[in-house]
Every structure is written in structure tokens, then in C-alpha cells.
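J.: fold the following.
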Amino acid sequence: MLSTTWTRFASLTTLAIAAAILTGCGTADSGSVQTSDATAATTVDDGGWWCVEHGVPEEECALCDPSLVAKFKEAGDWCEEHNRPESQCFLCNPKRFEKFAARYEAKFGVQPPKPEESSMR
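T.: Numbers count the residues shown, from 1 in each chain. Have a look, this model is predicted:
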């Protein structure tokens with residue numbers, strides 16, 4: 001009986017070790033480029049430069065920083081319908097994102113993540 005218990009324990013331990021070796025620990029560096037098959041999006045540690053939620057550089061995101069609203073309105077760059085800068089209103093014209101995406105790609109060498117769908121409504 002003792003030998004059967006020991007054999008089962010040894011077998012389970014060996015299987016657990018083999019599974020750990022085959023799957024690896026799988027943690028990625030925060031600064032590495034990662035891709036996901038499900039979303040096909042590439043993410044980069046941009047140091048907070050990019051507003052992932054709204055798809056523009058963080059320092060230009062009037063949706064995150066309401067203190068920028070007056071500047072955009074004074075410049076005549078405001079979409080009343082969607083309550084955001086016209087130049088950043090991807091709802092009125094999705095092609096506007098291309099300008100910001102080009103800046104991101106020039107800086108990081110990869111396409112930016114698309115703005116979150118929930119922020120596009």
C-alpha cells in the first residue's frame with residue numbers, strides 16, 4: 001500500500017514538473033512589444049505618452065484632460081455633437097485616426113492600439 005501511494009505521488013510530481021517546463025512561466029517584460037491573436041493589436045510601453053482609450057497622445061486628450069477643452073474651442077476645433085475636439089472626432093470621420101496613428105508609428109515603430117470601442121460612442 002505504501003509503495004502504491006509513493007508511486008502515485010512520484011508520478012503526479014513528475015507530471016507537474018513536466019507541465020511547468022513545457023508551458024514555462026510566461027511573464028513578459030513591461031517594455032516589450034506584445035501581440036495578441038484575438039485582437040491583432042500591438043502594445044508598447046509608451047511611458048504614458050499615448051491615451052489608449054481615446055487614440056491620441058495623452059497631452060492632447062481633451063476627453064481625459066478637461067482643461068484642454070477651452071483651447072480647442074477657441075481654435076474652432078470642437079465637435080458639439082460628440083463633445084470632443086473635431087480633429088480628434090473619429091466618430092464623424094474615422095480617417096482622422098490615421099494622423100495620430102502615423103505619429104505613434106513614427107515614434108514607436110509599430111501601429112498604435114485602436115481607441116477603445118466604448119469611447120467611440
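J.: name the residues of stretch 69-77 that come out as buried.
T.: residue 72 (16 or more other Cβ atoms under 10 Å). No exception for glycine: its C-beta is placed from N, CA and C like everyone else's.
J.: likewise for stretch 53-61?
T.: Buried-residue list, stretch 53-61, by 16+ other Cβ under 10 Å: 53-58, 60-61.
J.: which of these fall within strands?
T.: Applying DSSP state E to the buried residues of stretch 53-61, the entries found in strands are 56-57.
J.: tell me the one of the buried residues of stretch 53-61 nearest residue 116?
T.: When the buried residues of stretch 53-61 are ranked by distance to residue 116 (Cβ to Cβ), residue 53 comes first, at 4.9 Å.
J.: where are the low-confidence patches of this structure?
T.: 1-43, 118-121 (pLDDT under 70).
J.: give me that answer again for 80
T.: Counting by pLDDT under 80, the chain has low-confidence residues at 1-44, 116-121.
J.: quick one, helices of it?
T.: Using DSSP state H, the helices of the chain run over 2-23, 69-74, 97-108.
J.: for the buried residues of stretch 53-61, which one is nearest residue 112?
T.: residue 55 (6.9 Å).
J.: how about the nearest residue to the closest one, chain neighbours excluded?
T.: Nearest non-adjacent residue to residue 55, counting by Cβ to Cβ, 6 or more residues apart in numbering: residue 115, 3.2 Å away.
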